[in-house]
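Trainee: task: produce atomic coordinates for the following.
(one chain, ligands or ions: 2)
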Amino acid sequence: MRGVVFDGVGAVRVADLPDPDLEAPTDAIVRVTRSAICGSDLHLLHGKAPMEPGEPLGHEAVGVIEAIGEGVETRRVGDRVAVAFNVACGHCWFCGIGQSSLCDDDRIFGYGIFGGALPGAQAERLRVPDANLNLLEIPEGVGDEAAVFVGDVLTTGFYGASLTGAGPGDVVAVLGCGPVGFCTIEGLRTQGGPTIYALDRDPSRLALAETAGAIPVHIDERNPVTALAEATHGRGADVVIDAVGHPTAFEGAIDTIRRGGTVVVLGVYSSETTELQLGAYWSRALTLRFAGLTPVVSWWGRAMDGLERGVVDPTPLISHRLPLEAAAEGYALFDRREATKVVLEP
Ligand SMILES: [Zn+2]
Ligand SMILES: [Zn+2]
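Mentor: Residues are numbered from 1 along each chain as shown. Ligands and ions are numbered 1, 2, ... in the order given. You can find the predicted model right below:
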């Protein structure tokens, strides 16, 4: 089969790979109908995690089940399914309390040794371990392009929104309007309608956030701290979400939050550092919540339900639809920030 592989820092290519086989009774083989390129794939492209040339890439996919092991009871051959980007075991202590991303055996598709050396989802076929848990059936009325967001970004948005505890009457600032920021705005909207300010410097991303129901603030044209103060009688936002994953966004969140407010860190961090003045956090009684990886299998039912009921729609994020064979072009467009979301068709 064909699949996308890492080809050294800054490069990917589409290569011939062995067809996957069932390796355990709880495995399933999925014929991928759509996969997507994620911001975290760019971390791999840039060499931020150990990756050898030839290792498969991709963790966002939907498809049709082609084969199941004898231990798979909840899914059948022929089911249309979304794939969780991080697979969980389902029976450890953390899985038991709904924290599947903290699973003792948490692994990520297409993430090299860091992800447990699983195969990549940007391919024609994918072996999914523990398929009873890590595949979700797609309802008839939900298309592949919408469902491909459920295994990662849309569910991350719902999860991030839930961590804020924001509801009617609250003022929320979302820093960064990429796919995760957009989906967080969609998730927040389902929580009873807090007022949402979307902060970014990319006009097209701000326009998308506005269509999702947020008030756009171009951070080079308007001081975001002032904008949020004006919206809250000078207090600052009740909740700020760092949907970027860069120290300047984190520091900006601290500047924008009111006393007693909650900062949710949803953007991905690895080795970055920042200086904390502990007294500033203590005296302002801030709540700081790091999201970590999304516990997809604990949360994705809500995201899929939102799609089925038509209350959320992530598909406006898709800027490019390319054949799998053009994956390198898709990565390059995304890396140059000329694409918001790239969907690949095998
Ligand atoms: Zn992703
Ligand atoms: Zn587990």
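
Trainee: list, one by one, the residues from the chain near ligand 1.
Mentor: With CB under 5 Å from the ion as the criterion, the chain meets ligand 1 at residues Cys38, Asp152. From N, CA and C alone the C-beta is placed, and that goes for glycine too.

Trainee: quick one, helices of the chain?
Mentor: Secondary structure of the chain, counting by DSSP state H: helices at 39-45, 93-96, 131-134, 144-147, 153-164, 179-189, 203-211, 224-231, 247-256, 278-283, 296-308, 327-335.

Trainee: mind putting the ones you listed in TSV, mean neighbour count and mean pLDDT included?
Mentor: As requested, these are exported to TSV (neighbours: other CB atoms under 10 Å; pLDDT from 0 to 100):
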stretch	mean neighbour count	mean pLDDT
helix 39-45	20	92
helix 93-96	15	95
helix 131-134	23	96
helix 144-147	23	98
helix 153-164	27	97
helix 179-189	27	96
helix 203-211	17	96
helix 224-231	17	95
helix 247-256	18	92
helix 278-283	10	93
helix 296-308	22	96
helix 327-335	20	97
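
Trainee: mind giving me JSON lines with these and columns for distance to ligand 2?
Mentor: What follows is those, written out as JSON lines (distance: least, CB to the ion, whole Å):
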{"stretch": "helix 39-45", "distance to ligand 2": "21"}
{"stretch": "helix 93-96", "distance to ligand 2": "3"}
{"stretch": "helix 131-134", "distance to ligand 2": "9"}
{"stretch": "helix 144-147", "distance to ligand 2": "24"}
{"stretch": "helix 153-164", "distance to ligand 2": "17"}
{"stretch": "helix 179-189", "distance to ligand 2": "24"}
{"stretch": "helix 203-211", "distance to ligand 2": "35"}
{"stretch": "helix 224-231", "distance to ligand 2": "39"}
{"stretch": "helix 247-256", "distance to ligand 2": "29"}
{"stretch": "helix 278-283", "distance to ligand 2": "32"}
{"stretch": "helix 296-308", "distance to ligand 2": "10"}
{"stretch": "helix 327-335", "distance to ligand 2": "31"}
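
Trainee: okay, these in TSV with distance to Thr262 next?
Mentor: What follows is these, written out as TSV (distance: least, CB to CB, whole Å):
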stretch	distance to Thr262
helix 39-45	24
helix 93-96	23
helix 131-134	30
helix 144-147	30
helix 153-164	6
helix 179-189	13
helix 203-211	20
helix 224-231	14
helix 247-256	10
helix 278-283	12
helix 296-308	19
helix 327-335	31
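
Trainee: could you report the pLDDT at the closest residue in space to Tyr281 that isn't next to it in sequence?
Mentor: Nearest in space to Tyr281, with sequence neighbours left out and distances taken as CB to CB, 6 or more residues apart in numbering, is Leu288 at 7.0 Å. Model confidence at Leu288, given as pLDDT, is 95.
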